[in-house]
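K.L.:
output the structure for:
(chains A and B, ligands or ions: 2)
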Amino acid sequence: MKILVCISHVPDTTSKINFTDNDSKFDTNGVQFVINPNDEFGLTRAMWFKEKQGAIVTVVNVGGIETEPTLRKALAIGADSAIRVNTDAKDGFHVAKELAKVAKDGAYDLVIAGRESIDYNGGMVPGMLASLIDANFVTNCIHLEIEGTTAKATREIDSGKETVSTTLPLVIGGQKGLVEENDLRIPNMRGIMMARKKPLTVLDPTYSTTETAAVKFEKPAPKGAVKLVDAGNLDELISLLHNEAKVI
Amino acid sequence: MSVLVYTESEKGKFKKTALEVASYAKAVANLLGTTVTAVTINANETSELGNYGVDKVLKVSNSALDTFNAKSYAAVLEQAAKNEGAEAVIVSSSADSKYLAPLLAIGLEAGYASNVVEAPSSASPFTVKRTAFTNKAFNFTTINTAIKIVGVSNNSFGIVETSGSASMEEFAPSLPSVGVHLEAVDKASDKVTIADAEIVVSAGRGLKGPENWGMIEELADVLGAATACSKPVSDLGWRPHGEHVGQTGKPVASNLYIAIGISGAIQHLAGINASKVKVVVNTDPEAPFFKAADYGVVGDAFEVVPQLIEKLKAFKASNA
Ligand SMILES: Cc1cc2nc3c(=O)[nH]c(=O)nc-3n(C[C@H](O)[C@H](O)[C@H](O)COP(=O)(O)OP(=O)(O)OC[C@H]3O[C@@H](n4cnc5c(N)ncnc54)[C@H](O)[C@@H]3O)c2cc1C
Ligand SMILES: Nc1ncnc2c1ncn2[C@@H]1O[C@H](COP(=O)(O)O)[C@@H](O)[C@H]1O
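P.N.:
Numbers count the residues shown, from 1 in each chain, chains lettered A, B, ... in the order given. Ligands and ions are numbered 1, 2, ... in the order given. Down below sits the predicted model:
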């Protein structure tokens, strides 16, 4: 089985978010980038398929050279090879088209992406990618098993979960639950050394049009200070929620 | 020309978000100078949509669509959009809509903006405001394709009632063959879901153990709220995983979010920040949640919550 794991390179959650160029660009100054948490769960599940079922795992990112340390980290965790499509991705649609080309050319059986990335939180790429390559698609995936060409997946829904059966080729949007958190791996020295020798192929982009464009950013208005209510005077809380906030 | 909106129903009845996206669609239609067409799938009574700005209903009734399938639902909307010559398609931020919208975008070659929180600020270029960086910022996005898909964030636009009536047409789209088959569903049917709830009552490790959740459920009951929890609580198995909210859990965009015994770590706040009003109850006045909340009580949950329940009951009784 050939697995492609899509890796989005995102600011660590604790990063301060700022903008430059008249609020038109994200300010990467001092920001630490990590593998998107949903993708880390997916990559770890891919490692399980590699170790238990002999899968070959390639990781891919659509992005500039600055994302290579993130791809190297994925290689250090255990992926066999990496691909970077060298373009400054403009929107989810564009990323999906580039990924679809990589997925088609490489004839992958399973593509693991994340439910959403924590930067633009689009939640668009996996579904678009699946549609473009006409593969089956399961998102919010919290469990995945594969036997031959059939797959069984569990997905989270608004009020619980559901189990589905499907076949390869398959694209999933993974999230927490796909593997146990204690199974997430921190690259060790040996992994890091080996990662240096693993192939990282850089491809030129194929597409240039964009369907959407982020033109400006804005930070939420600063919040007023919290109104403290005395624990002995909860009637006041109820009155504030009713008369001022109008939420009860 | 029209604005198409997918009005979701559950067991034949419209979800609250359906009325919100219909209201949103009306605002878009006003901006573009056109009308609103709603698509309903196995909904019983559709006339109510007229009160939320819908001019025409395409009513789909097909038992093959009794359970949700992203591919077939996307195919229904795609055919409806093409039939109507829709310029814009409006969907909600439910798990189902987020599942189908990317498929629809490819089918219609349409740009898609998700997590949109306001009516478009301009028609040309078509510009919407969406949340980004786990609610730490907003981003104005232009959609440059002929057809635009907008995913509206729950509880962001609100429900706007108008007086109007909607005409109704049966619509029988052809369904594609699907490759993903539903085997089993495990859902709590008697509970308010976090996604639909106007009020969410959430508790953290400050509650000490699963045996103490009775008062949390009672508080939620009194308020008609959904229950939620912080990540360690579900990791410890005190509560089911489906209740975990935050960056790695479910997102919350309720009108009121009550956090009890939750410290307010950045990863927790990231997922609940879209809620309009936040209340925190915590023994530690230095807990970071106090910086993110609108109202706070410094106090012991084991004293505050039972009292709050009694007082809310009295309040509900006198306001009934
Ligand atoms: C990559 C990553 C992703 C994460 N994603 C999430 C996520 O999605 N959701 C999430 O919640 N967390 C997430 N976390 C974990 C997060 O960082 C915090 O560890 C977690 O939110 C803390 O949960 P808590 O507030 O319940 O517990 P604690 O931090 O232990 O806080 C308990 C609070 O209860 C108060 N307290 C104690 N006793 C009482 C009492 N009797 N009455 C009232 N208050 C009391 C304490 O003062 C304290 O503030 C993530 C972490 C990482 C690294
Ligand atoms: N630039 C990218 N390169 C590779 N994969 C990506 C990229 N952007 C998004 N993805 C994948 O798509 C998932 C959902 O991202 P998004 O649609 O941006 O929320 C991520 O978790 C990744 O698996």
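K.L.:
ranges for the helices of chain B?
P.N.:
B:16-32, B:70-84, B:95-108, B:214-223, B:231-235, B:266-272, B:289-292, B:301-319 (DSSP state H).
K.L.:
scratch that, chain A is what I was asking about
P.N.:
Using DSSP H, helices in chain A cover A:37-53, A:68-77, A:92-105, A:125-132, A:189-197, A:234-239.
K.L.:
residues in contact with the fourth one?
P.N.:
Where contact means CB atoms under 8 Å, 6 or more residues apart in numbering or on different chains, the residues beyond helix A:125-132 that reach it are A:6, A:8, A:92-93, A:95-97, A:99-100, A:103, A:111, A:113-115, A:117, A:135-137, A:139, A:171-173, B:70, B:99-103, B:105-107. Just so you know, the C-beta spots here come from the backbone N, C-alpha and C atoms, and that holds for glycine as well.
K.L.:
for burial, what's the neighbour tally of the residue in the stretch 151-300 of chain B positioned nearest to ligand 2?
P.N.:
Going by CB to the nearest ligand atom, ligand 2 is nearest to B:G151 of the stretch 151-300 of chain B, at 11.8 Å. By the measure other CB atoms under 10 Å in any protein chain shown, the count of residues near B:G151 is 26.
K.L.:
skipping adjacent residues, who's closest to it in space?
P.N.:
In space, and not counting its chain neighbours, B:G151 is closest to B:S114: 3.9 Å by CB to CB, 6 or more residues apart in numbering or on different chains.
K.L.:
so that neighbour touches A:M124, yeah?
P.N.:
Yes - under the criterion of CB atoms under 8 Å, B:S114 makes contact with A:M124 at 6.4 Å.
K.L.:
for the two, list the residues in contact with both.
P.N.:
Common neighbours of B:S114 and A:M124 (CB under 8 Å, 6+ apart) are B:A101.
K.L.:
and the helices of chain A, which is most packed in?
P.N.:
helix A:125-132 (a mean of 27; mean count of other CB atoms under 10 Å in any protein chain shown).
K.L.:
contact partners for the residue in the stretch 101-250 of chain B that ligand 2 sits nearest to?
P.N.:
In the stretch 101-250 of chain B, the residue that lies nearest ligand 2 is B:P102 (7.8 Å; CB to the nearest ligand atom). For B:P102, the contact set (CB under 8 Å, 6+ apart) comprises A:92, A:96, A:123-128, A:130-131, B:112.
K.L.:
now do 10 Å
P.N.:
A:92-93, A:96, A:122-132, A:137, A:139, A:173, B:70, B:74, B:112, B:114, B:149, B:151 (CB atoms under 10 Å, 6 or more residues apart in numbering or on different chains).
K.L.:
next one: A:S159
P.N.:
Taking CB under 10 Å, 6+ apart, one finds B:10, B:95, B:185-196, B:226, B:242 in contact with A:S159.
K.L.:
which of those residues are close to chain A?
P.N.:
B:10, B:95, B:185-196, B:226, B:242 (CB under 10 Å from any CB of the partner chain).
K.L.:
which of the residues you listed lies closest to chain A?
P.N.:
B:K187 (3.2 Å; CB to the nearest CB).
K.L.:
residues near the residue nearest to A:Y108 when sequence neighbours are not counted, how many?
P.N.:
Distances taken as CB to CB, 6+ apart place A:L4 nearest to A:Y108, at 4.1 Å, with adjacent residues excluded. A:L4 has 25 neighbours, counted by other CB under 10 Å.
K.L.:
I figured the residue nearest to B:G151 hits B:S156, correct?
P.N.:
No - the criterion here is CB atoms under 10 Å, and B:S114 misses it with B:S156 at 11.9 Å.
K.L.:
what is in contact with those two at once?
P.N.:
In contact with both B:S114 and B:S156: B:93, B:130-131, using CB under 10 Å, 6+ apart.
K.L.:
buried subset of those?
P.N.:
Buried members of these, counted by 16 or more other CB atoms under 10 Å in any protein chain shown: B:93, B:130-131.
K.L.:
closest one to A:G30 out of those residues, please.
P.N.:
B:T131 (22.7 Å; CB to CB).
K.L.:
so that closest one bridges to which residues?
P.N.:
B:F138 (DSSP bridges).
K.L.:
you'd agree it is up against B:N139?
P.N.:
Yes - at 7.6 Å, B:T131 counts as touching B:N139 under the criterion of CB under 10 Å.
K.L.:
not counting residues beside it along the chain, what's closest to residue 27?
P.N.:
You didn't pick a chain, so chain A it is. That would be A:N18: by CB to CB, 6+ apart, it lies 4.1 Å from A:D27.
K.L.:
chain B was what I was after
P.N.:
Nearest to B:A27 is B:A119, by CB to CB, 6+ apart, at 4.2 Å.
K.L.:
what does chain B put close to ligand 1?
P.N.:
B:204-206, B:230-233, B:246-249, B:261-263, B:265, B:267-268, B:271, B:281-284, B:287, B:300-302 (CB under 6 Å from any ligand atom).
K.L.:
quick one on the thing from earlier: can you lay out the helices of chain A as TSV showing mean pLDDT and distance to ligand 1?
P.N.:
Shown next, in TSV, are those (pLDDT from 0 to 100; distance: least, CB to the nearest ligand atom, whole Å):
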stretch	mean pLDDT	distance to ligand 1
helix A:37-53	97	5
helix A:68-77	98	15
helix A:92-105	97	22
helix A:125-132	98	20
helix A:189-197	95	20
helix A:234-239	97	14
